[in-house]
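S.K.: Show me how the following folds:
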Amino acid sequence: MKNNLQTKKSQELDLSFDLEILKHENRIIDIKIKGIIRNIKFNSNYFNWFIEDLLFLLDNNGYQKRWDYGQINIQGIKNLNLNEQEQELFIKECKTITNFDLLIKEE
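M.R.: The predicted model follows:
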């Protein structure tokens, strides 16, 4: 589905994670994780791959890091199908991002 917030979908950009931009207001972007497109297993690089996909999606949909967002709210973490320990590590890694606030939000 194309909308005014997202002109290019994850599949069009050949990403590993299916991400959807839900809202953009006051430098805050809400993103929903809809699932995983590729069969990737959780490992030490998993979070880095997620961030690469997230930034690539935002860049390709016209969002600029310095001006368009200072906070990104992530919904749908359960759609990553991680076990409890993996999910805790993923959430912990979100706190290591320093260029913007990356927050996990419940749906």
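S.K.: Give me the below-cutoff pLDDT ranges for the chain.
M.R.: 1-3, 107 (pLDDT under 70).
S.K.: show me where it has helices.
M.R.: 46-60, 65-68, 84-94 (DSSP state H).
S.K.: Quick one: closest of those helices to residue 100.
M.R.: For the helices of the chain, proximity to residue 100 was assessed by CB to CB; helix 65-68 is nearest, at 7.3 Å. For every residue, glycine as well, the C-beta is placed using N, CA and C.
S.K.: Nearest residue to the middle of this structure?
M.R.: residue 54 (4.3 Å; CA atoms, centre = their mean).
S.K.: Name the nearest residue to that one, sequence neighbours excluded.
M.R.: In space, and not counting its chain neighbours, residue 54 is closest to residue 19: 6.4 Å by CB to CB, 6 or more residues apart in numbering.
S.K.: What's the local residue count around residue 26?
M.R.: 7 (other CB atoms under 10 Å).
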